[in-house]
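okay, sequence plus prediction incoming.
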Amino acid sequence: MLQKSTIQLLRFHFSIFLLPVFLFAVSQVPQINLWHTFFVFLILHVLVYPSSNGYNSYMDRDESAIGGLSKPMMPTKELFYLTVIMDAVAVVAGTIVIDLTFGIGSLLYILASRAYSYRGIRLKKYPVIGYLTVIIFQGGFVFALVYYGCSVERSLDIPLVCMLASSFLIGGYYPLTQIYQFEEDEKDGVRTISMLLGKRGTFIFCSIIFSLAATCIWYLSYIHGNDKILYLFLTIMTPVLVYFLWWMNAVWKNPQKADFKNSLQMNIIASGCTCIYFITLLFLR
């Protein structure tokens, strides 16, 4: 039996927040291999992402709220060993079920995730490098990995504008998940992009990055000659904009509103709406 802390710190539920990139990639695949799509989902969302969450928690040993958990437990060595096993299974399964290219891609993601958290490298303590590592690998890189793994032809001709949109979508809300952790991060010697920008600056920065994501979606609708792609995006993402503006106004008046509860709510709304959008695109094909 796994310890309760081990199961909690894998944060399986938190990996759902990364589901929009997977759905976006699948919605753009010309010919979908359903069997491979199912396995790609399992490899990323059941193995790779939870393992990354667990390893990060093992290295950080957070005592206050973190992404998806208001009261994280203390990790044990069991968590570390389990993350190693999960990573190995993910790489081997990806290589056997999909192919060697997908297996190597999964390994590269895992290595980047480890470099982000590992005390000996600790990319997360550098605000710009840490931020770029997250948005590149959780955004554009994962889009490319899913697009390749789920397509019948497994072509490496992956649409760049979609990779950029994926990175900007991740980059548009990721700093908001750090906005309540300033004290904890400072004690740990970590300086996040949100700390660098400040609470107000974080909102301004995220609005700019999200605007870049919307620009990519507009360009996607332009090259496809389909205005529905953009109109649907603007319509379905309206709740995200409304909550973002409300929260930003609240933080402007009272910085204490930049807390775990509002950050989690922002994450849920943003992920939920983007999932709905990309599922809609998938069914409209």
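Arrived safely, thanks for sending.

wait, isn't Ile129 in contact with Ile121?
No. The pair Ile129 / Ile121 is not scored as a contact, 10.3 Å apart, by Cβ atoms under 8 Å. C-beta: built from backbone N, CA, C; applies to glycine.

neighbour count: those two, which is higher?
Shown here are Ile129 and Ile121; by other Cβ atoms under 10 Å, Ile129 has more neighbours (14 against 11).

now do whichever strand or helix holds that one: everything it contacts.
Taking DSSP states H and E as the definition, Ile129 sits inside helix 127-135. For helix 127-135, the surrounding residues in contact (Cβ atoms under 8 Å, 6 or more residues apart in numbering) are 112, 115-116, 123-124, 167-168, 170-171, 174-175, 191-193, 195-196.

so which bits of stretch 45-61 are buried?
By neighbour count on 16 or more other Cβ atoms under 10 Å, the buried set for stretch 45-61 is 45-60.

got the contact list for it?
6, 9-12, 14-16, 18-19, 22, 66-67, 72, 74-75, 79-80, 82-83, 86-87, 89-90, 93, 106, 109-110, 113-114, 116-119, 188.

how about the helices of this structure, start to end?
4-10, 19-28, 34-42, 49-60, 77-97, 100-117, 127-135, 142-150, 160-173, 182-187, 193-224, 228-236, 238-253, 260-284 (DSSP state H).

pick out the shakiest of the ones you listed, pLDDT-wise.
Ranked by mean pLDDT, the helices of the chain bottom out at helix 182-187, which scores a mean of 86.

buried residues in stretch 237-255?
237, 240-241, 243-244, 247-248, 251.

centre of the chain versus it, how much separation?
21 Å (Cα atoms, centre = their mean, to the nearest Å).
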